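S.K.: my questions are about this predicted structure, shown below with the sequence.
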Amino acid sequence: MSDQNPLEQGPQPPFAEQTQEPVGRESEMDPQPDYGEQSYVGTGKLDGKAAIITGGDSGIGRAVAIAFAREGADVLVSYLDEDSDAAETARAVSESGRRCVTVAGDIGDESHCRQLVQRCLDEFGRLDVVVNNAAYQQTHDSITEIPGDEVERVFRTNIIAMFHLCKAAVPHLKPGSAIINTSSVQAFEPSPTLLHYAATKAAIVNFTKGLGQELMPKGIRVNSVAPGPVWTPLIPISMPADTVSEFGQDSPAQRPAQPAELAPAYVFLASDESRYVASAVLPVTGGSPVP
């Protein structure tokens, strides 16, 4: 067993000052995020299952795709248009011994969400896990600076898309299936500079608790993971370079999480080990308290 402090096992800020244009590319980040390709070892928790993961091209979504594959699941990776990142996720999943289908498009479009579900059924013959992970954010110093179309984009991507995808998926989910939504510590401790993003994350918590009550009698579990700061492409596309360089430093862990450190929470909520867990919010925050 390693004697290293676990809080020192990820890259420590300050990082290089950096920004990217939306939607961001994981390959351009410095340091490169750890998504678990070298470390995650599966034990068959998801053998034979099939999952849809939105935002699966990079960040938390890529880490979850790799972990699910190593636990025995085939995955459909939904993404907007980051083709090179999605191809890297598909490579890592395939090398883990499972199938990966990548599908580009806007999950804010209800018809696209229906197409994702049908593609999963056509490719894998089943759908067992839905991970609503895709998100968009930008920082602003004041509510008066947030463009109206950006507010609509954040809500459409972060929460409205969850309604669309769950509505399309639920008729095909069997007892033992799971829906896992990515919320955030921002749902409970909102940063004023992330006002619209934080509001969607609070809505996701509420959505999770309500849908979980509806579906648990059918044997379908709905839960949420609430990350703290995580080193993903969302950060350099949405924050000033000097803020990016210090990202996560003010958390109790004194660094952001790596995507690989979030994946086990999703595996737990997707697996039969969580069969009595529903409408729950699982915080993975590096010590930041969540009510």
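M.R.: Cool, the structure landed.
S.K.: only C-alpha atoms for contact and neighbour calcs from this point on.
M.R.: OK.
S.K.: which stretches of this structure have low pLDDT?
M.R.: 1-9 (pLDDT under 70).
S.K.: where is the longest helix in it?
M.R.: Ordering each helix of the chain by length in residues (DSSP state H) puts helix 195-215 first.
S.K.: export that one as PDB, just CAs?
M.R.: Extracted as PDB, the C-alpha positions of helix 195-215 are listed here (Å, rounded to 0.1, in the frame of the first residue of the first chain):
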ATOM      1  CA  LEU A 195     -25.100  31.800 -11.900                       C
ATOM      2  CA  HIS A 196     -26.900  30.100 -14.800                       C
ATOM      3  CA  TYR A 197     -24.800  26.900 -14.600                       C
ATOM      4  CA  ALA A 198     -25.300  26.600 -10.800                       C
ATOM      5  CA  ALA A 199     -29.100  27.100 -11.300                       C
ATOM      6  CA  THR A 200     -29.200  24.200 -13.700                       C
ATOM      7  CA  LYS A 201     -27.200  22.000 -11.300                       C
ATOM      8  CA  ALA A 202     -29.700  22.700  -8.500                       C
ATOM      9  CA  ALA A 203     -32.500  21.800 -11.000                       C
ATOM     10  CA  ILE A 204     -30.700  18.500 -11.700                       C
ATOM     11  CA  VAL A 205     -30.800  17.600  -8.000                       C
ATOM     12  CA  ASN A 206     -34.500  18.300  -7.900                       C
ATOM     13  CA  PHE A 207     -35.100  16.400 -11.100                       C
ATOM     14  CA  THR A 208     -33.100  13.400  -9.700                       C
ATOM     15  CA  LYS A 209     -35.100  13.200  -6.500                       C
ATOM     16  CA  GLY A 210     -38.500  13.500  -8.200                       C
ATOM     17  CA  LEU A 211     -37.800  11.100 -11.100                       C
ATOM     18  CA  GLY A 212     -36.200   8.700  -8.600                       C
ATOM     19  CA  GLN A 213     -39.500   8.500  -6.700                       C
ATOM     20  CA  GLU A 214     -41.500   7.800  -9.800                       C
ATOM     21  CA  LEU A 215     -39.200   5.000 -11.200                       C
END
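S.K.: quick one, the helix or strand that it is followed by and helix 195-215 angle?
M.R.: Stepping forward along the backbone from helix 195-215, the first helix or strand reached (DSSP states H and E) is strand 221-227. Between strand 221-227 and helix 195-215, the angle comes out at 160 degrees (axes from the mean of the first three to the mean of the last three Cα atoms, to 10 degrees).
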